[in-house]
Every structure is written in C-alpha cells, then in structure tokens.
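Peer 1: model this:
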Amino acid sequence: MSFNFLNIKIIFKPLFFPTIFLLIVFPILILLGSWQIYRLIWKENLIKYYQNQSSSALLDLSKNISSKLNLEFRKVKFRGTFLNSKEIYISGKTYEGNIGFHVVTPFRMQNNKTVFINRGWVSEGYRDPEKRKFSLLNNETEINGIIRFPQKKGYFVPENDPNKGFWFTINPNEIIKFLKFKEIDTISEFYVDAIRQEGKIKIPIGANGKPNLRNQHLSYAITWYSLALVLLIIYILFHRSVSRLLFKKL
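Peer 2: Numbers count the residues shown, from 1 in each chain. Presented below is the predicted three-dimensional model:
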C-alpha cells in the first residue's frame with residue numbers, strides 16, 4: 001500500500017505475522033493502561049473518602065448507631081472485655097517486611113453486643129497466646145479503632161478454612177458461624193481495626209490510624225502505555241530495516 005503525507009510518499013508492505021502480533025498485543029497493552037487509569041481515579045476517590053470519614057466525630061459503638069450513617073472508616077470508641085479464648089489468626093500479614101499474623105478477638109461491649117476487633121500484628125513466635133500473656137487484656141478496657149467492612153477475597157487469596165485454622169480474610173459472618181456465636185448478639189456488618197496508642201509499640205501492633213492505601217496505578221498505567229509505544233516503534237523500525245516501509249519525497 002502507498003499514500004502521500006506532507007509531500008512524502010509512504011510505501012508500506014506489512015509482513016503478516018508481525019502485523020498480526022501488533023494487532024493483538026497493542027490493543028491489550030492500551031486496555032491495561034486504561035484500566036490502571038480507571039483504578040487510579042477509583043483509588044484517589046477512596047483515599048479522599050477515607051480521609052473524610054476518619055476526620056469525622058468519634059462514634060460510640062455501645063450506643064445505638066443509625067444504619068443510615070456511612071460507617072466505613074469512621075473512628076469509634078467503646079468499652080468492654082476481650083474474649084481472649086476465642087482468638088483467630090489471619091495469615092500472611094506483614095509488618096516492616098516481617099511475616100506474621102493479625103490477631104482478631106471478639107469483644108463484648110457494655111451493651112452486651114459482641115464486635116470483632118483486629119488487634120493487630122504479631123510474629124510467628126507470638127502467635128501462641130501462652131507466649132504473650134502480657135498482651136491478653138482480661139479487665140474492662142477502652143477500644144479506639146476504625147470501622148472496616150468485611151474483607152473481600154482477592155483472585156489469588158485462598159478461601160478461609162476455619163476447621164483447619166486457616167484464615168486469610170476477616171469475614172465476621174464466617175467467624176460467627178465457626179465460633180457458634182448468637183447472630184442476634186454479634187455485629188456482622190463490620191469489624192474494627194484497633195488503633196495503637198502513641199509511644200512505645202506493643203504487640204499486637206495495631207493500625208496507626210492513618211491512610212495506608214497504596215496508589216501506584218499511575219506508574220502502572222505509564223508502564224503499559226510505554227510498552228505499547230515501544231512495540232509500535234519496534235514494528236516500524238523492523239519494517240524499515242527490511243525495506244518494507246519506505247519514505248520518498250514527491
């Protein structure tokens with residue numbers, strides 16, 4: 001094929017297999033880049049939502065809370081007692097590059113309702129509560145935390161297997177069934193991430209109360225778009241090198 005552009009005649013004889021490869025891979029790379037742009041916008045909105053929610057007034061969970069409120073990421077406080085004998089452990093959690101577990105413990109509030117508290121991270125050596133008796137709070141205590149909705153399982157995350165002690169996501173409904181708690185007395189709509197107190201870090205290491213939502217989607221988008229551009233350039237240069245793409249002045 002040939003066509004004229006700015007007084008230059010372009011003669012192009014595309015090779016079959018390189019062209020088919022380009023027509024398949026190039027759109028895929030563009031779609032992947034566009035998907036990351038979509039995720040970028042979603043993540044930025046999520047971060048703004050988190051910041052707005054966490055800066056709102058504290059809620060007291062021991063009181064009746066309107067179901068019309070947007071609860072996710074709201075900061076809460078309440079008093080009650082940990083049910084330490086009912087701990088479960090969420091696998092595959094890290095802290096500063098160290099692998100360990102998140103300790104999730106039922107908490108009986110003053111209104112006799114039970115809510116699940118993600119107390120935070122412990123190492124493999126402290127998973128056994130017998131090795132960290134100092135962390136088992138038996139007296140009434142006050143919790144400061146952040147409301148979190150049940151975690152959704154990712155594509156590569158295994159299913160929870162409660163009977164074998166394997167937990168990978170925090171799903172209050174599954175925990176309620178496993179522990180045989182009364183559904184009417186236990187909150188299943190959300191759980192609470194405990195916020196660690198300022199000063200010396202104690203285990204379990206709780207959340208710091210600040211947004212920790214990674215947002216690298218722009219760099220991912222640039223990567224995919226760059227690969228698409230590189231592929232196109234290689235395609236053009238290859239056809240030039242074998243004299244299948246020629247430019248002649250008119």
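
Peer 1: helix, strand or coil: sort out residue 33 for me.
Peer 2: At residue 33 the chain is in helix, as set by DSSP: H, G, I helix; E, B strand; the rest coil.

Peer 1: these two touch, right, it and residue 228?
Peer 2: Yes - under the criterion of Cβ atoms under 8 Å, residue 33 lies in contact with residue 228, with a separation of 6.8 Å. C-betas here are computed from N, CA, C, even on glycine.

Peer 1: could you chop this structure up by domain?
Peer 2: Using automatic domain parsing, the domain parsing of the chain gives 2-43+218-249, 69-194.

Peer 1: tabulate the ones you listed (TSV), appending distance to residue 200 and mean neighbour count.
Peer 2: Shown next, in TSV, are these (distance: least, Cβ to Cβ, whole Å; neighbours: other Cβ atoms under 10 Å):
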stretch	distance to residue 200	mean neighbour count
domain 2-43+218-249	33	13
domain 69-194	13	16
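
Peer 1: and residue 58, which of those domains is closest to it?
Peer 2: In this view, those are compared for proximity to residue 58 by Cβ to Cβ, and domain 69-194 is the closest at 5.3 Å.

Peer 1: starting at the chain centroid, how far to that closest one?
Peer 2: From the chain centre to the centre of domain 69-194 is a distance of 17 Å (Cα atoms, centre = their mean, to the nearest Å).

Peer 1: ditto for stretch 11-24
Peer 2: When C-alpha coordinates are averaged (Cα atoms, centre = their mean), stretch 11-24 and its chain have centres 40 Å apart.

Peer 1: just to revisit the earlier point, the domains of the chain: lowest mean pLDDT?
Peer 2: When the domains of the chain are compared on average pLDDT, domain 2-43+218-249 comes out lowest at a mean of 88.

Peer 1: from what I can see residue 195 touches residue 148, true?
Peer 2: No - contact status for residue 195 versus residue 148: not in contact, 11.7 Å apart, counting by Cβ under 8 Å.
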